[in-house]
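Engineer: Output the structure for:
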Amino acid sequence: MGGSQDVSPATTTTYTLTATNRTGAVTAKTTVTVIVVQPPKIISFTATPNPSPGPGQPVVLNCQATGVVSMTMAGVIFVPSTAIYTVRPTQDTTYTCIGTGATGKTDIATLLVKVTAPAGGGGASAPVIAVAGGTFINTIFTTITLDASGSFSPAGNTPLTFSWTLLSNTATITNGNTASPTITLQNDVGAYQFNLTVTDSKGNSTSTVVTVRLTTRDNA
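Structural biologist: As a prediction, this is how the structure comes out:
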């Protein structure tokens, strides 16, 4: 003798089966455990700066989400739950951040980055920025020196001036108005972003974002 019963519990539930015949009754219990999967949710999607100061200038996108197993922002796939990416829009552009949960469900957020005319001279005579090691640097040290002394003016408009500012996370910048500042990061592993603006003697300027990623010795 057998039987079945379909159930759809919304929470963890204990079921009791009772079998009865002429001699009496017996019971058995079983518990169905319901695991609630948190739905994906985009909790923040920002652009810095917005509006962009000019066509082709760097803008840092930052998207944060909960309940996700993967994230896609500006067409690039990221490991959750924070995605940071630098774009250089030449015109007003709408960017999308997609968070995908364990069940395949998604949450989508869009962000319009407006592009305005640059305030300075710009153009072909603007300074060229060169950062030693590139604009994405991995380090296991909390204190490092960044080096943009290789920057130059194609038009020969010297001297150049430098301005370093913190965009994300917590850090201290020493000698931030020089080509080679000293950066002291807080102890938390993760990405730290800095904006570097180089200006020549004619007022033409160029900016870029330098990302410093603090790692541990095990995952460096």
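
Engineer: Pop the domain breakdown of the protein in here.
Structural biologist: For the chain, automatic domain parsing gives the domain ranges 41-113, 123-214.

Engineer: Tell me which of the ones you listed approaches Tyr15 most closely.
Structural biologist: domain 41-113 (24.7 Å; CB to CB). Placement of C-beta: from N, CA and C, glycine included.

Engineer: measure the closest one end to end?
Structural biologist: Using CA to CA, to the nearest Å, one end of domain 41-113 lies 21 Å from the other.

Engineer: same deal with stretch 98-110?
Structural biologist: Span of stretch 98-110 from end to end, CA to CA: 9 Å.

Engineer: List of residues touching that stretch?
Structural biologist: 37-42, 45, 63, 65, 67-73, 80, 94-97 (CB atoms under 8 Å, 6 or more residues apart in numbering).

Engineer: are any of those residues buried, and which?
Structural biologist: 40, 42, 45, 63, 65, 67-68, 70-73, 80, 95, 97 (16 or more other CB atoms under 10 Å).

Engineer: could the domains of the chain go into JSON lines alongside distance to Val32 and mean pLDDT?
Structural biologist: Supplementary listing: these in JSON lines, determined by distance: least, CB to CB, whole Å; pLDDT from 0 to 100:
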{"stretch": "domain 41-113", "distance to Val32": "18", "mean pLDDT": "89"}
{"stretch": "domain 123-214", "distance to Val32": "40", "mean pLDDT": "90"}
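
Engineer: now those in TSV, with distance to Thr27?
Structural biologist: Output for the domains of the chain, formatted as TSV (distance: least, CB to CB, whole Å):
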stretch	distance to Thr27
domain 41-113	35
domain 123-214	54
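
Engineer: Among the buried ones among the contacts of stretch 98-110, which ones are in strands?
Structural biologist: Ile42, Phe45, Cys63, Ala65, Ser70, Met71, Thr72, Met73, Tyr95, Cys97 (DSSP state E).

Engineer: Farthest pair within these?
Structural biologist: Ser70 and Tyr95, at 17.1 Å, using CB to CB across these.

Engineer: List the buried residues for stretch 84-95?
Structural biologist: Result for stretch 84-95 [16+ other CB under 10 Å]: buried residues Ile84, Tyr85, Thr86, Val87, Pro89, Thr93, Tyr95.
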